[in-house]
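1. Need the 3D shape of this:
(chains A, B and C)
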Amino acid sequence: MERLISSANTLECATPHDLAFAASQKAMPAALKSQAGCLLIPQEFEVRDRTSIRVKEPRAAFARALSALYPRKRPSGFVHPTAIIAKTAKIAADCFIGPYVIVGEHNEIGGGSYIGNGCSLGDHVLIGPECMIHPNVTIYDGVRIGARTIVHSGSVIGADGFGFTLMGDHYEKFPQVGTVEIGDDVEIGANCCIDRAALGATRIGNGVKLDNLVHIAHNCAIGQHVVVAAQTGFSGSVSVGDYAAIGGQAGIGEKARIEARAIVGGKAGILTSKKVSAGEPVWGIPARPLRQHLRNLAYLNRLPELTEEINELKRRLLASETQHEQGHS
Amino acid sequence: MERLISSANTLECATPHDLAFAASQKAMPAALKSQAGCLLIPQEFEVRDRTSIRVKEPRAAFARALSALYPRKRPSGFVHPTAIIAKTAKIAADCFIGPYVIVGEHNEIGGGSYIGNGCSLGDHVLIGPECMIHPNVTIYDGVRIGARTIVHSGSVIGADGFGFTLMGDHYEKFPQVGTVEIGDDVEIGANCCIDRAALGATRIGNGVKLDNLVHIAHNCAIGQHVVVAAQTGFSGSVSVGDYAAIGGQAGIGEKARIEARAIVGGKAGILTSKKVSAGEPVWGIPARPLRQHLRNLAYLNRLPELTEEINELKRRLLASETQHEQGHS
Amino acid sequence: MERLISSANTLECATPHDLAFAASQKAMPAALKSQAGCLLIPQEFEVRDRTSIRVKEPRAAFARALSALYPRKRPSGFVHPTAIIAKTAKIAADCFIGPYVIVGEHNEIGGGSYIGNGCSLGDHVLIGPECMIHPNVTIYDGVRIGARTIVHSGSVIGADGFGFTLMGDHYEKFPQVGTVEIGDDVEIGANCCIDRAALGATRIGNGVKLDNLVHIAHNCAIGQHVVVAAQTGFSGSVSVGDYAAIGGQAGIGEKARIEARAIVGGKAGILTSKKVSAGEPVWGIPARPLRQHLRNLAYLNRLPELTEEINELKRRLLASETQHEQGHS
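-> Numbers count the residues shown, from 1 in each chain, chains lettered A, B, ... in the order given. I've put the predicted structure just below:
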């Protein structure tokens, strides 16, 4: 029997036209119950009477199948007539430039890149090849972006860092004359803010993945392959080592150093100038090593009990003292 | 005497041309002092020598009066000549489509809907009747929005969910091929992000109200009439029951289940896969039942006292031991 | 020898063409090692064999030098032909209005102001002279902005406040008919949200500086020269006194009053209706006076030790009791 697989879904929602996957043994019962027309399953299993493909990493195989089943349209070789492009800008022949895009002076946009509707690019912006800039992204002057990087809508790259000095009765702006440099294969979520450096550059390494609404202040240096969940904020001059993983709504104080492969828990607060050691998991406000934080939480929960124990000791001690007094009287 | 009431204000700021309201007895003294030309007051009160209207729910009556006194202009039946609309898009006759709006292929926009300046709508977007999409909103391909829904400026609906797998030395993207479905009578604040599902749909139920800068990750299922204060974030696959109320800056971990009418306090952190029971108020990081959290806070504040008590016990015990020793020596 | 200084950098990165500065004695060793062609140093120091300028406040002098070395281009006297400007709008002759900007009815824009690409201005918007509105900012109807104010990209000013009342089985919107008033010399970061008042005005005083992704709810009254770090949120009707400083990711509950020069720590949570006294530093969730919060944290860390002490007391007391019993047996 021939079967056409034209789409994909979860085990629970899949129909006979769908591909689905079981990541591990845990998912096998659901796989057996699934209506999926084809299953991707771990190599070590076998499913009778079902169309299945045994693979080493079902999740990764499924991801690849998704790319094939749902190719993302990325038109190319087209500049919409309403795009306003400075004469000094160099745009590779096979780019797509959407309607109402504005491309400033001296920009360079690499081959195959896609600039979505209504994006605003300042002057001297460099965008590498095969990038995907979704609609309504704003990029300020001088920002440099590598190859194959994706920026989701509403993100603002290169706005002024937050630098002010109280001079007498008012704050004066410290001019933010640096820029932002973003590596290759980066993905930046929606409505993120990456500020330009005061001097030099705010740097985002290759392969970094930022979720939505992330804030990266001036002069941060984010290493390679760092992942950052949504709504996390990095204060000025924070450095983050390669492969660090930062949870959502975390706050990193100025000049903090997060070393390679460190893990910062969701909502954690790293104090100014603090170091998080390589590979270390931390959590809490202020953040401490995970084990210590969990221990503190456990002790905090036991406080009522502890108080009761102290009261009990007081009673017993009083009894003992009274008895003693009486023994001497 | 005839009096024209042409505007409305608070009791404190109202002038003789203004309508104002007293929500309850607590506000009556201010009402008596107010310069308001007309007062909406609770049924059970009476105000002599003042123009007043006695109503069951003064706040609700005032809200209705505001709508009448300040009708929000919503032009209709107009497509600005600069709007770029795909030929395959179906737009009801009485819609307003603002300047520099882009409407993709196969869109359908219901009667009376308003699409503000510079909005970008992808392909296969469905927007129901009487919606109000404020300027500079970005909607990705395939998003479906119900009737009478309001989306404020800067919000991004349908950006890719945050799905990556570490493959050897780099992260690979898990394609996000699902979509977003938003119900009727929803209001979405400014600069919110609602991500498309990896597979299937991220769902926002009827009557949900989101404040500004809210993040909703892929595959969340938000029930009906849920209210969410500003800057709160929902991780992937969170479910929220009907009429739940979520405070500001709360963080909800992956796959957490918040049941109907639960109340999540501001800044609360719900751990991954955690359940918050129906109707339960929770608070803290990590969130616990409100009563337990308040008790922990109280005990935490009493720690210095508790430590002093322990020191006192130590002194007394030492005295007792010494005395005892001496008694035996 | 003549030397042309054409740029500026940090002590570490400076080349012979760069100006650099040493803020204080602490930076003097780095200054001596720096390759900078010219150094700004504190008055009380002297550097031999180096081109240096002794000034009272090197940081401030450097800031002024940066403005001279890197003048921010701000074109003026130009309205892009694609800008759509209502006939009733009054725009001073030397403004810059970028491409795809939309200016509503009855707007007034003061002399020398810059409205960046793709900004959307509603009706009855007032913008003072010498303002800089970066690309893709959205300003709703009736918003008033003073002189020399800067708004970064993606910010939304004047969206509806979050006002809903549960009426039976659904929430009803309380119309938000007020506006937003922003003073002179304000700077608003990227992707901020400042909501219009329900009635009256949400107010931002002169000289206020907001970092990125800040949320200011309806009817807040932010005093003069207040600084607010990124991702902080103010609930409805919060008041903040002059020169208060608010850290990042802080959350301020409804109707809280933060008095002049108070300092709110990063991630702090101020409860609803709470007052923070003038000049007081507070921290924590819920926020307490800084000293008390630090003391609580210290005690929390000592809990394991405290528990051990209680166990030790128990052992000793038991021993004492046993001995006592034996003494009497």
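2. Spell out which residues of the stretch 151-300 of chain A are next to chain B.
-> Taking Cβ under 8 Å from any Cβ of the partner chain as the contact definition, the stretch 151-300 of chain A meets chain B at A:152-154, A:185, A:187, A:189-191, A:207, A:209, A:211-213, A:225, A:227, A:229-231, A:248-249, A:266-267, A:285, A:297, A:300. To be clear about C-beta, it is placed using only N, CA and C from the backbone, and glycine gets the same treatment.
3. Just the ones of those in strands?
-> Secondary structure assignment by DSSP state E places A:187, A:209, A:227 of these in strands.
4. what separates the second one from B:Gly233, distance-wise?
-> So the one you mean is A:Lys209. 16 Å (Cβ to Cβ, to the nearest Å).
5. quick one: which of those two has more around it?
-> B:Gly233 (28 against 22; other Cβ atoms under 10 Å in any protein chain shown).
6. OK, contacts around the more buried one?
-> Taking Cβ atoms under 8 Å, 6 or more residues apart in numbering or on different chains, we find B:Gly233 in contact with A:213, A:230-231, A:248-249, B:214-217, B:250-252.
7. Let's have the residues you listed in CSV, adding pLDDT.
-> CSV is the format used below for those (pLDDT from 0 to 100):
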residue, pLDDT
A:Leu213, 98
A:Ala230, 98
A:Gln231, 98
A:Gly248, 98
A:Gln249, 98
B:Val214, 98
B:His215, 98
B:Ile216, 98
B:Ala217, 98
B:Ala250, 98
B:Gly251, 98
B:Ile252, 98
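8. Same list, those residues, but only the ones touching chain C.
-> Answer for the contacts of B:Gly233 near chain C (Cβ under 8 Å from any Cβ): A:213, A:231, A:249.
9. So the second one is in contact with A:Ile246, correct?
-> The one in question is A:Gln231. No. Applying Cβ atoms under 8 Å, one finds A:Gln231 not in contact with A:Ile246, separated by 10.9 Å.
10. So for these two, which residue has more residues nearby?
-> A:Gln231 (32 against 26).
11. From B:Leu303, how far off is that one?
-> 31 Å.
12. and what of A:Gln323?
-> Distance from A:Gln323 to B:Leu303, by Cβ to Cβ: 31 Å.
13. And those two? Which one has more around it.
-> With neighbours defined as other Cβ under 10 Å, A:Gln323 and B:Leu303 compare such that B:Leu303 has more, 21 against 14.
14. can you pull up the bridge partners for A:Ile194?
-> Per DSSP bridges, residues listed as beta-bridge partners of A:Ile194: A:Ile157, A:Ile216.
15. okay, now it: neighbour count?
-> 30.
16. Please apply the same query to A:Gly207.
-> Neighbours of A:Gly207 (other Cβ under 10 Å): 25.
17. what's it in contact with, if anything?
-> A:183-186, A:224-225, B:170-171.
18. hmm, 6 Å instead?
-> Counting by Cβ atoms under 6 Å, 6 or more residues apart in numbering or on different chains, A:Gly207 touches A:185, A:224-225, B:170.
19. Leaving out the residues flanking it, which one is nearest to it?
-> Closest residue to A:Gly207 apart from its sequence neighbours, by Cβ to Cβ, 6 or more residues apart in numbering or on different chains: A:His225 at 4.1 Å.
20. ok, that neighbour to B:Asn136 distance?
-> When distance is defined by Cβ to Cβ, A:His225 is 33 Å away from B:Asn136.
21. Between those two, point out the one with more neighbours.
-> For A:His225 versus B:Asn136, the count of surrounding residues by other Cβ under 10 Å is larger for B:Asn136: 31 against 24.
22. okay but the more buried one is in contact with B:Ser153, surely?
-> Yes. If you go by Cβ atoms under 6 Å, B:Asn136 and B:Ser153 touch, sitting 4.9 Å apart.
23. which stretches of the stretch 151-300 of chain A form helices?
-> Under the criterion DSSP state H, counting those that start in this stretch, helices of the stretch 151-300 of chain A are mapped to A:290-301.
24. How about the stretch 1-150 of chain A?
-> Under DSSP H, counting those that start in this stretch, the stretch 1-150 of chain A gives helices at A:28-33, A:58-69.
25. which regions of chain A lie under the pLDDT threshold?
-> Chain A contains residues with pLDDT under 70 at A:1, A:327-329.
26. Domain boundaries for it, per the record?
-> A:7-69, A:137-286, A:292-329 (automatic domain parsing).
27. Run the chain-centre distance for the longest one.
-> So the one you mean is domain A:137-286. 10 Å (Cα atoms, centre = their mean, to the nearest Å).
28. First-to-last residue distance for it?
-> 34 Å (Cα to Cα, to the nearest Å).
29. burial of A:Tyr299, as a residue count?
-> Neighbour number of A:Tyr299 under other Cβ under 10 Å is 18.
30. hmm, I was thinking of A:Ile263
-> 18.
31. Report the beta-bridge partner residues of it.
-> A:Ala245, A:Pro281.
32. Work out for me the element A:Gln326 sits within.
-> Using DSSP states H and E, A:Gln326 maps to helix A:303-328.
33. Pull the contacting residues for A:Glu181.
-> The contact partners of A:Glu181, by Cβ under 6 Å, 6+ apart, come to A:144, A:201, A:203.
34. Same list, these, but as TSV with distance to C:Cys95 and neighbour count please.
-> Listed next are these as TSV, based on distance: Cβ to Cβ, whole Å; neighbours: other Cβ atoms under 10 Å in any protein chain shown:
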residue	distance to C:Cys95	neighbour count
A:Arg144	31	20
A:Ala201	32	20
A:Arg203	36	21
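35. what's the closest of these to C:Ser67?
-> Nearest to C:Ser67, judged by Cβ to Cβ, of those is A:Ala201 at 19.7 Å.
36. thought that closest one was touching A:Val177?
-> No. Checked against Cβ under 6 Å, the pair A:Ala201 and A:Val177 is beyond contact range at 10.8 Å.
37. got the contact list for the closest residue to A:Gly110 other than its chain neighbours?
-> Spatially, and ignoring its direct neighbours in sequence, A:Gly110 is nearest to A:Pro129 (3.3 Å; Cβ to Cβ, 6+ apart). Contact analysis of A:Pro129 by Cβ under 6 Å, 6+ apart lists A:110-112, A:147.
38. ok, 8 Å please
-> A:92, A:110-113, A:147-148.
39. and those, which are buried?
-> A:110, A:112-113, A:147-148 (16 or more other Cβ atoms under 10 Å in any protein chain shown).
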